[in-house]
Structures are given as structure tokens and as C-alpha cells.
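In: Model the following, please.
(chains A and B)
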Amino acid sequence: GESVGLHLPTLSVQEGDNSIINCAYSNSASDYFIWYKQESGKGPQFIIDIRSNMDKRQGQRVTVLLNKTVKHLSLQIAATQPGDSAVYFCAEIGFQKLVFGTGTRLLVSP
Amino acid sequence: DVKVTQSSRYLVKRTGEKVFLECVQDMDHENMFWYRQDPGLGLRLIYFSYDVKMKEKGDIPEGYSVSREKKERFSLILESASTNQTSMYLCASTGAGAGRETQYFGPGTRLLVL
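Out: Residues are numbered from 1 along each chain as shown, chains lettered A, B, ... in the order given. Here you go, the predicted model:
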């Protein structure tokens, strides 16, 4: 089976709850941030992005918040569904280099 | 939709074998990347390419080489596979310039070296 998430922090939620996944980034010069979702056995899938001149961006059921003061990024998923179960990780781009976090596993129970 | 494909989903090779991993993207993207993904370590960049016949080392290039003869195709080569190269290999591509930095990933190749 898929072992990519073996040592990841895990967030367990009930179906219908809102989920908040957090990410601390390292480079204060990073100007572009992306959230990816990776389901078991698949490659990472783009969810939503945000530039450093914004502090909030909304998509369909997802919201990304950026706090540059404390170098913190969060992904909020509204009305979490079983299909949202996956590993989520953030990525930052600074100086044309993409740096990935190690990820958080989201488990959604019915 | 962007489509990035990888030649194999699962691969089993023996130590010392030469291994080729192929990646093809259909969006005319300039930039292509190879990563490996291991538990607890996240994605680590092996090599990337900004143009045909151009390559740059990433963070962990040792034991790997790459080839980009055509814009849509980026190959990762393990000259002599070793057991510590057992991993999930992910290819990604992106356009050039501001607003096109999002990397689109292929489905991954899980390589087992015995």
C-alpha cells in the first residue's frame, strides 16, 4: 500500500465538519504559495494558490489564509467529505524554487 | 486540463540495473521537474529543466541523470540502481513566467530496487 504518509501528523474529522490544515513556511521572501492534495497512489493535485500580496483566497469549499507576519499558511475545507481524505501539503516559491512541506493526513469518518 | 503522464506506475528492478523513467506533458510547458517522495521527507527535487537540452541539478542529484531532447519529454535515468533509490518518483511541469508557477504532477512511479 501507499506509505508516503507513514510519519505524517494526522487530522481526524467527522463528515460535515470544517477542517483546518496548517503549514509553517520558512522563507520570508517567498511570494507564492500552493496547497496540494495527494490521494493514495496518486500524484499531488493542485487545490488552490495565493500570492504574498493577499491574505485570503477562496475557492470551491476551500479557503487559504496567509499570515506573513508569522509565516503561516492554512487551508480550510468546509463541510468535509469522505472524498477529502488525503495528504495535504503546502508549497512555497521563492527565488524560482518550489519548497514543499511534508504534509498532513486528513481522515474523514462518516 | 494539463496532463502529465509517466511511463510506469510500478517498477521492480535489481541492484545495478539501468533504469529509465519517462515523463510526458501535453501543455507545451517550458519547465519540467523530477522529484522523489519518501516517508517523513516530503518531496525532494532531483533535477529540473527550463528548456530543451537544458538541465539543472536539484537538491539530491547524486546517482541520477536526466535527458530532455524534446520539449514535452523529460527522462530520469538511474545509471546503476541501488536499494536506497527505492522510492516514489514524481514528474511535474509548469509554464514560464509570473502566473504560471503552479506545478502539475504526474501520477508517480513507485520504484522498488531489490
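In: Could you check the pLDDT of residue 32?
Out: Because you didn't say which chain, this covers chain A. We have a pLDDT of 89 for A:Tyr32.
In: that answer is for a different chain, and I need it for chain B
Out: B:Met32 carries a pLDDT value of 94.
In: what does A:Gly43 give?
Out: In this model, A:Gly43 is scored at 91, pLDDT.
In: how about the residues of chain B near chain A?
Out: Within reach of chain A by CB under 8 Å from any CB of the partner chain, chain B has these residues: B:4, B:33, B:37-43, B:45, B:88, B:90, B:101-108. Backbone N, C-alpha and C define where each C-beta goes, glycine included.
In: now these: which count as buried?
Out: Among those, those classed as buried by 16 or more other CB atoms under 10 Å in any protein chain shown are B:4, B:33, B:37-38, B:42-43, B:45, B:88, B:90, B:101-106, B:108.
In: Which of the residues you listed fall within strands?
Out: Here DSSP state E is the test, and these give B:Val4, B:Phe33, B:Gln37, B:Asp38, B:Gly42, B:Leu43, B:Leu45, B:Met88, B:Leu90, B:Tyr104, B:Phe105 as lying in strands.
In: right, and the pair among these with maximum separation?
Out: The span of those, defined through CB to CB, is set by B:Asp38 and B:Tyr104 at 21.3 Å.
In: Contacts only, for A:Thr28.
Out: Quick fix: residue A:28 is Ser, not Thr. Applying CB atoms under 8 Å, 6 or more residues apart in numbering or on different chains, we find A:Ser28 in contact with A:Lys68, A:Lys71.
In: what do you get if the cut-off is 10 Å, keeping everything else the same?
Out: With contact taken as CB atoms under 10 Å, 6 or more residues apart in numbering or on different chains, A:Ser28 is in contact with A:Ser52, A:Lys68, A:Thr69, A:Lys71, A:Gly94.
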